[in-house]
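Peer 1: Only the shape, not the letters, is given here:
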């Protein structure tokens, strides 16, 4: 059985905030200049350039250093989260984002990650994800760099709620994955 440490999940949520900030800069004409992490009335802005430098060199600006400390994750783990790529088919990704299911997913994600203008939530995410996928892979930093607004807001409270809702699914998938691995092992795979 795969065990989930909820303290680690919480730390990963904070790490996700950092990663999200890096994923969603804007298109060449207008890119996100900063990621603004909100938690209730609290706000903390991190320049996207600081995130990119951290991802490349490990150097932490004062604004980023504060969040790295709060995340309870090693800087190397956060660096990896920002730069880890996921292979995708760019055309399929763009097509999927145009479907009803894609629209629903973008609407949900837009409650957590968004520009300051509510009507632009889905289009901004669609643009950032679609443009990031054109090279056949997506990373958090790349998404931030393709985010088509000056500021990308991340709602920390809603992110934590989403992580809490996802926890049972993650555990369920982990249990099923272990079962599949056991069966495959028994079959000699």
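Peer 2: It's in. What you see is a predicted model; the values in this text were computed from it and never measured.
Peer 1: so who does residue 97 touch?
Peer 2: 103, 106, 126, 129-130 (C-beta atoms under 8 Å, 6 or more residues apart in numbering). From N, CA and C alone the C-beta is placed, and that goes for glycine too.
Peer 1: quick one: the helices in this protein?
Peer 2: 6-23, 48-57, 62-71, 75-83, 90-97, 100-110, 121-133, 140-145, 156-186 (DSSP state H).
Peer 1: Looking at the contacts of residue 97, state which has the most neighbours.
Peer 2: residue 129 (26 neighbours; other C-beta atoms under 10 Å).
Peer 1: Turn the contacts of residue 97 into JSON lines, including distance to residue 47 and pLDDT.
Peer 2: Formatted as JSON lines, these follow (distance: C-beta to C-beta, whole Å; pLDDT from 0 to 100):
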{"residue": "103", "distance to residue 47": "31", "pLDDT": "94"}
{"residue": "106", "distance to residue 47": "25", "pLDDT": "94"}
{"residue": "126", "distance to residue 47": "24", "pLDDT": "95"}
{"residue": "129", "distance to residue 47": "22", "pLDDT": "94"}
{"residue": "130", "distance to residue 47": "24", "pLDDT": "92"}
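Peer 1: Out of those residues, which comes closest to residue 171?
Peer 2: Residue 171 lies nearest to residue 106 out of the contacts of residue 97, by C-beta to C-beta, at 25.8 Å.
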